[in-house]
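A.B. asks: Sequence below, structure please.
(2 chains)
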Number of protein chains: 2
Amino acid sequence: MDLSHFDKSACDERRAQLASRLGNRPALIAAGAPRPYGTHRGHYPFRAASHFLYLFGLHLPRAMGLWDGNRWQLHLPEPGADVALWTGPEPDFEALAEILGVAVLPLAKLPEALQRKPAATLPAPDVETCVEQSSLLGREIRPGKLPALDEPLADALIDLRLVHDATGIAGLREAAAATVAAHTAGLRATRAGLPESVVRAAIEAELIGRNMTTSYTSIVSVHGEVLHNEDHHHLLADGDLLLVDAGAETTAGWAGDVTRTWPVSGRYSPTQRDLYDIVLLAQAAAVAAVRPGLRYLDLQGIASNAIAKGLVGLGIASGDPAELVADGVVALFFPHGVGHLIGLDVHDLDDLGDRATYAPGRTRSPLPGLRALRLDRDLVAGMAVTIEPGFYQVPALLDDAERTKCAGDRLRRDRLAAFRDVRGIRIEDTILVTADGHENLTAALPKGALAIESAMRST
Amino acid sequence: MDLSHFDKSACDERRAQLASRLGNRPALIAAGAPRPYGTHRGHYPFRAASHFLYLFGLHLPRAMGLWDGNRWQLHLPEPGADVALWTGPEPDFEALAEILGVAVLPLAKLPEALQRKPAATLPAPDVETCVEQSSLLGREIRPGKLPALDEPLADALIDLRLVHDATGIAGLREAAAATVAAHTAGLRATRAGLPESVVRAAIEAELIGRNMTTSYTSIVSVHGEVLHNEDHHHLLADGDLLLVDAGAETTAGWAGDVTRTWPVSGRYSPTQRDLYDIVLLAQAAAVAAVRPGLRYLDLQGIASNAIAKGLVGLGIASGDPAELVADGVVALFFPHGVGHLIGLDVHDLDDLGDRATYAPGRTRSPLPGLRALRLDRDLVAGMAVTIEPGFYQVPALLDDAERTKCAGDRLRRDRLAAFRDVRGIRIEDTILVTADGHENLTAALPKGALAIESAMRST
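C.D. replies: Have a look, this model is predicted:
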């Protein structure tokens, strides 16, 4: 067991904080089960569910943490026979109790500990563990609407995890630094004629070499217009833009998330540069606005307005920029949210949905530019978010008469045709909200068109 | 959708073969569901369950293939809204029916199609899909004892998948070639002072770059004595042996599986070389014996006897080699099976347990050297197996008075102490059984101590 990333005092403090919010109400926190890898290829390396990881700091398969209203304890499966032979010596329950500073008991003792009083819980990310939770608690546990019993637990964890402690911020910095190194390796590996997968390999090798993994499936694609493109088999051609959205996950579980879009040839074409600079200005304007007290939704407006002005400037759209945003014309080119929380998950707290990521009383807007927005809280120092506007030419949007009706005659398709060498551009950084504004955790990665071209030449 | 790996005629033929074995008995073949990645980091790239992949050739999430006793059809979830925006344009049901050559229907039509007659099935590798299968079939589907209704389906698939067709053999060759390239990159990346993870990165980058993945979690460890060691954080030191057990999985799903053990310094010490040569001789003897008609279990004996002779030769054990094997003394140093089937899964057909991998009427031996043996069939041309003997000093075995009692005074611990710089050695190749013997699909990778040293120097 690699304990190098374990921070006992942070976990002690987090459990104490959660306990003080819960009082005498019991809560069961599930780590989840290893996921089977293919049909019979063993399991993926185990990664504990984030609520568990936040409180206990270790990836302990099938563990159940229990606040019994009085103290914390951890229930674990008994080690199997020959575990020392197959997976190596591990600390026994006594040693683990010492490491963690909580009582460690076999899972078999958990039903007894749960008898006293109904415990709150949150559904584990895997169905197998939800079935186990249902059986332990005598009620159906599954993702979806939160039962009233579980709401105080959810709200207490949201409250704690929205604002990162020093250990969390250090983890985000570590993830950001590795993510910057990975993108840098990707920039240097890019050459026409190679498949996208070779650039992906260069990026992910930087992470694997650090004993890290990816915080989500890397997007490394010349088809940036497909927003969650997970294909990596296209060949890179001169004239293509390569969109790379990839991030590290540290051993302790902290996520990085960065997007850059660079030219395969090492030089943006004039049309690519024009649109790149628009996305860059939009991103920079949104990042610059990040400070405590700002409503996150306003960043969507800042970025959208900047894109609207840019499109008008290039003659791709005409009319009043604010109206182009309000009428959904900008959302034809920028159809996703401007960013999200980031922490132990790349879309942090999204397992709890808008309850976590929208402030109480706020709900999703149905407007095209806002309905995909994952976050609408007022920013607080210690929150971490991404800022990631983009510009895409998505045939499913632009070729759909119903969807483009909002534009009327303000969309200049003849002019747009000149920009056909831009399928998708996105620029994203990971931003920490600080007391006096913000800190861009991924600022070390080149972002301006010239800086990117220069980084690509220096290989 | 990347169709470059899809082989329509092979799948047509496999489905026709299975149908002819099933006759009018219906069968439901589940592809399985994507596995959640962490708490809310999306899903792992989807990999279909191997029985499904064998018959339909594509990774189609949540797909259900149905043999209704008369014809094949495929049931798929309806595409979600905005799928073209988020995951890109995909062939619709009509286009997919054309590609596959079977009728494609929505999942919603499956309950109706299942009403006619009870269908056999096999449990999917994930609990979520087992729950879905249970609901569709009105009976509990879960891994474990096979109900009588499902036995003919299992036996027909075992019968087909035990012997690879030309497409399967081509897939295994492709996986083997990529695996050889990956190990070669690992050999060249090895340097004292680096963490194990950097060698792992070099290995896996070769696979990612080919748009492949690993067929199991790579073992890249200076602690080879932990058989399924998945830690990669130790620093490489001169004097260490690095055990690397890693294999490719091709886009089509075929597995590679190779182990080499090389010296971090680039030179085996005299004691390391002595034991390395013993394992090499054992592996070569077992490989040489592979031919149609051979009982796989006999390879365990061939390898164990070679190791016994070697240990006696080095003075680590004394007495009659055959008795050292029979009494379980060799199994103290070589406690695992000599290999397994390989195909679409690295432990092919292991989801069906010994029903698939042991010939009818054969059961596992309780003897220490045999109880972990995954395969005991008579070899047939077209089968693919691994051959992977090893030598390990596992404290949990050698320090256990109960387990070492079998050795009596035949274990020379004073002599063994001289070999303390060997924690674990394993040598493994992927072998295809051919009409006149065998072909080592991974023969291109250096295996002799001198060849490995030479490959490490040529970096």
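
A.B. asks: Just give the number of residues close to the closest residue to A:Leu149 other than its chain neighbours.
C.D. replies: With sequence-adjacent residues excluded and distances taken as C-beta to C-beta, 6 or more residues apart in numbering or on different chains, A:Leu149 is closest to A:Ala120, at 5.4 Å. From N, CA and C alone the C-beta is placed, and that goes for glycine too. For A:Ala120, the neighbour count with other C-beta atoms under 10 Å in any protein chain shown is 22.

A.B. asks: so what's A:Ala120 bridging to?
C.D. replies: Residues in a beta bridge with A:Ala120, per DSSP bridges, are A:Ala27.

A.B. asks: from memory it sits against A:Asp155, does it?
C.D. replies: No - look at A:Ala120 against A:Asp155 with C-beta atoms under 8 Å: they stay out of range, at 10.5 Å.

A.B. asks: Hmm, A:Gly382 is touching A:Ala166, no?
C.D. replies: No - counting by C-beta under 8 Å, A:Ala166 is not a contact partner of A:Gly382; they are 9.4 Å apart.

A.B. asks: Tell me which of the two has more neighbours.
C.D. replies: The neighbour count for A:Gly382 versus A:Ala166, taken as other C-beta under 10 Å, is higher for A:Gly382 (17 against 12).

A.B. asks: Who are the contact partners of A:Leu332?
C.D. replies: Going by C-beta atoms under 8 Å, 6 or more residues apart in numbering or on different chains, A:Leu332 touches A:368, A:397-398, A:403-404, A:406-407, A:411.

A.B. asks: One more: A:Pro89?
C.D. replies: By C-beta under 8 Å, 6+ apart, the contact list for A:Pro89 reads B:395-396.

A.B. asks: That one and B:Gly247: what is the separation?
C.D. replies: 26 Å (C-beta to C-beta, to the nearest Å).

A.B. asks: ok so, going back, helices - which of the contacts of A:Leu332 land there?
C.D. replies: A:397-398, A:403-404 (DSSP state H).

A.B. asks: can you map out the helices along the stretch 351-459 of chain A?
C.D. replies: A:354-357, A:395-398, A:401-404, A:413-416, A:449-457 (DSSP state H, counting those that start in this stretch).

A.B. asks: list the buried ones in the longest one?
C.D. replies: Yep, that's helix A:449-457 we're talking about. A:449, A:452-453, A:455-456 (16 or more other C-beta atoms under 10 Å in any protein chain shown).

A.B. asks: restrict these to contacts with chain B.
C.D. replies: Among the buried residues of helix A:449-457, none lies close to chain B by the criterion of C-beta under 8 Å from any C-beta of the partner chain.

A.B. asks: any chance of the residues you listed in CSV, plus pLDDT?
C.D. replies: CSV is the format used below for these (pLDDT from 0 to 100):
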residue, pLDDT
A:Ala449, 98
A:Ile452, 98
A:Glu453, 97
A:Ala455, 95
A:Met456, 94
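
A.B. asks: Output the lowest mean pLDDT helix or strand found in chain A.
C.D. replies: Here the helix or strand of chain A ranked lowest by mean pLDDT, DSSP states H and E is helix A:83-86, holding a mean of 78.

A.B. asks: what's downstream of it, the next helix or strand?
C.D. replies: helix A:93-100 (DSSP states H and E).

A.B. asks: now check that following helix, is it near chain B?
C.D. replies: No - Helix A:93-100 is not in contact with chain B by C-beta under 8 Å from any C-beta; minimum separation 16.0 Å.

A.B. asks: Show me what that helix is packed against.
C.D. replies: helix A:8-22, strand A:72-76, strand A:103-106 (3 or more C-beta pairs under 8 Å, 6 or more residues apart in numbering or on different chains; DSSP states H and E).

A.B. asks: can you rerun that using 6 Å?
C.D. replies: strand A:103-106 (3 or more C-beta pairs under 6 Å, 6 or more residues apart in numbering or on different chains; DSSP states H and E).

A.B. asks: Would you mark the buried spots in the strand it packs on?
C.D. replies: Result for strand A:103-106 [16+ other C-beta under 10 Å]: buried residues A:104-105.

A.B. asks: cool, and stretch A:409-421?
C.D. replies: For stretch A:409-421, by 16+ other C-beta under 10 Å, it's A:410-412, A:416, A:419.

A.B. asks: now it, how far from the centre of its chain.
C.D. replies: 33 Å (C-alpha atoms, centre = their mean, to the nearest Å).

A.B. asks: Tally up the residues packed near the nearest residue to A:Arg364 once chain neighbours are set aside, please.
C.D. replies: With sequence-adjacent residues excluded and distances taken as C-beta to C-beta, 6+ apart, A:Arg364 is closest to A:Arg371, at 5.7 Å. When neighbours are counted by other C-beta under 10 Å, A:Arg371 registers 13.

A.B. asks: Quickly note the distance from A:Arg371 to chain B.
C.D. replies: Distance from A:Arg371 to chain B, counting by C-beta to the nearest C-beta, to the nearest Å: 10 Å.

A.B. asks: can you tell me if the helix or strand where A:Ala205 lies touches chain B.
C.D. replies: Per DSSP H and E: A:Ala205 is located in helix A:196-209. Yes - remark: helix A:196-209 sits within contact range of chain B at A:197-198, A:200-201, A:204-205, A:208-209, by C-beta under 6 Å from any C-beta of the partner chain.

A.B. asks: So which bits of that helix are buried?
C.D. replies: Neighbour counts over helix A:196-209 (16+ other C-beta under 10 Å) mark A:196-209 as buried.

A.B. asks: Just put these in JSON lines and tack on pLDDT.
C.D. replies: Listed next are the buried residues of helix A:196-209 as JSON lines, based on pLDDT from 0 to 100:
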{"residue": "A:Glu196", "pLDDT": "98"}
{"residue": "A:Ser197", "pLDDT": "97"}
{"residue": "A:Val198", "pLDDT": "98"}
{"residue": "A:Val199", "pLDDT": "98"}
{"residue": "A:Arg200", "pLDDT": "98"}
{"residue": "A:Ala201", "pLDDT": "98"}
{"residue": "A:Ala202", "pLDDT": "98"}
{"residue": "A:Ile203", "pLDDT": "98"}
{"residue": "A:Glu204", "pLDDT": "98"}
{"residue": "A:Ala205", "pLDDT": "98"}
{"residue": "A:Glu206", "pLDDT": "98"}
{"residue": "A:Leu207", "pLDDT": "98"}
{"residue": "A:Ile208", "pLDDT": "98"}
{"residue": "A:Gly209", "pLDDT": "98"}
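
A.B. asks: Can you lay out those as a markdown table showing distance to B:Val222?
C.D. replies: Converted to a markdown table, these look like this (distance: C-beta to C-beta, whole Å):
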| residue | distance to B:Val222 |
| --- | --- |
| A:Glu196 | 34 |
| A:Ser197 | 30 |
| A:Val198 | 29 |
| A:Val199 | 31 |
| A:Arg200 | 28 |
| A:Ala201 | 24 |
| A:Ala202 | 26 |
| A:Ile203 | 27 |
| A:Glu204 | 23 |
| A:Ala205 | 20 |
| A:Glu206 | 22 |
| A:Leu207 | 21 |
| A:Ile208 | 17 |
| A:Gly209 | 16 |
